[in-house]
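Participant: This is the structure alone, sequence omitted:
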């Protein structure tokens, strides 16, 4: 596997030159950039000319990861020439979150299953129910096929998110890459690092990913009460105080963050399901544990491919972690580098949701507020 990475910024152009060394040999270019970068003049046409045989696959972000740097208002490109791995891709347009299950099923059916090893998914981050999307993918995929990915971002704005697959970046798109090949080794891991606080409450009224009541009281009113002054900045300030959900005693809880609120309906919409009968508890940040969570995810993904440095690691971390860690944000990426080693190329973005099993062998799920790492190697 040969990998070439470059960074483009509107104010400076290409920060790393030259671009296009892999040329026609590249089969895939991953592109992660801010919404404004995609909206303004960007070098997409130049990238297509430099890598004419490659699939272009990417999304808008809430921050871009290049090596151990966390950037804003940039476009990070990662061109890959595989030695033996083949890739196939598909996309679907989604108009509303109610179509998320069908979207996942359609995408999974669109790809040939023979020798399919792994699926990387990028989705619109606002018009999706990530839980239903993942369920639809799982229903139509062989059990041995692993799935990782994330929901595209829009910084702290929550206005519009974009996904691209061999065309212009668009809202309302879910796209997948299928990886085929016997030599490809794939590892993954996902961990958080948030601390619970306050009482655990029963979800007494919800519909899919829309929450109305906790303990038969308005969930939005309770949430605002806990947030205090932070409530004025909803939904973005809700990233600082996600919900932990559990449905069974002793199970590992999944974390959910707010995508939007509806004052008229007195409701909150989350990135994934918040089912009735589940228990919810507020979470708050623990700086050291957030960084430890990133390191733990790296260790899990490293061990999954035989405790050898992978050639590429795709890091998808939640925008909420970025808002909390602030100037310390690069510490979580540096922790990943220490685990994976200097030979591994790091690329990724800050998202509105992460898709992965917690550990190898576990069920794939939508997560929020985690660092999710996918490691790839042909060695």
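Facilitator: Nice, I can see it. If you're wondering where the values come from, they're calculated on a predicted model, not measured in any experiment. Numbering: from 1, shown residues only.
Participant: Near residue 298, how many other residues are there?
Facilitator: Other residues lying near residue 298 total 27 when counted by other C-beta atoms under 10 Å. (Glycine included, C-beta is placed from N, CA and C.)
Participant: Give me the spatial nearest neighbour of it, chain neighbours excluded.
Facilitator: Leaving aside its sequence neighbours, residue 298 sits nearest to residue 339 (C-beta to C-beta, 6 or more residues apart in numbering; 3.8 Å).
Participant: Could you pull up phi and psi at that neighbour?
Facilitator: Dihedral pair for residue 339: phi -80, psi -50, per degrees, to the nearest 10.
Participant: That one against residue 300, yeah?
Facilitator: No. Using C-beta atoms under 8 Å as the test, residue 339 is too far from residue 300 to be in contact (9.6 Å).
Participant: Surely residue 58 is within a strand?
Facilitator: Yes. The assignment for residue 58 is a strand, going by DSSP: H, G, I helix; E, B strand; the rest coil.
Participant: In space, what's closest to it - neighbours in sequence excluded?
Facilitator: In this structure, residue 58 finds its nearest non-sequential neighbour in residue 31, 3.1 Å apart by C-beta to C-beta, 6+ apart.
Participant: strands paired with the helix or strand that contains that neighbour, and their directions?
Facilitator: Using DSSP states H and E, the secondary-structure element containing residue 31 is strand 28-34. Partners of strand 28-34 in the sheet, by DSSP bridges, are strand 55-61 (parallel), strand 75-81 (antiparallel).
Participant: I'd like the average pLDDT over the helix or strand encompassing residue 150.
Facilitator: Assigned by DSSP H and E, residue 150 belongs to strand 146-151. Throughout strand 146-151, pLDDT has a mean value of 97.
Participant: What angle do strand 28-34 and that strand make with each other?
Facilitator: 30 degrees (axes from the mean of the first three to the mean of the last three C-alpha atoms, to 10 degrees).
Participant: Quick one: mean pLDDT over whatever helix or strand comes next after strand 146-151.
Facilitator: Downstream of strand 146-151, the first helix or strand assigned by DSSP H and E is strand 163-165. If you average the pLDDT over strand 163-165, you get 98.
Participant: which residues are in contact with strand 163-165?
Facilitator: Surrounding strand 163-165, the residues in contact under the criterion C-beta atoms under 8 Å, 6 or more residues apart in numbering are 31, 38, 55-60, 89, 91, 122-124, 152, 169-170, 173-175.
Participant: same thing but 6 Å
Facilitator: 57-59, 89, 91, 122, 124, 152, 173, 175 (C-beta atoms under 6 Å, 6 or more residues apart in numbering).
Participant: Adding neighbour count, write those out as a markdown table.
Facilitator: Shown next, in a markdown table, are the contacts of strand 163-165 (neighbours: other C-beta atoms under 10 Å):
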| residue | neighbour count |
| --- | --- |
| 57 | 23 |
| 58 | 26 |
| 59 | 30 |
| 89 | 18 |
| 91 | 21 |
| 122 | 30 |
| 124 | 27 |
| 152 | 30 |
| 173 | 23 |
| 175 | 25 |
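Participant: closest to residue 76 among those residues?
Facilitator: residue 58 (8.9 Å; C-beta to C-beta).
Participant: Next one, pLDDT for the closest one please.
Facilitator: 98.
Participant: Tell me the buried residues in stretch 78-92?
Facilitator: Neighbour-count burial for stretch 78-92, counted by 16 or more other C-beta atoms under 10 Å, picks out 78-82, 85, 87, 89-92.
Participant: typo on my end, stretch 17-28
Facilitator: 19-20, 22, 26-28.
Participant: Among these, give me the pair with the biggest separation.
Facilitator: For these, the farthest-apart pair by C-beta to C-beta is 19 and 27; their separation is 16.6 Å.
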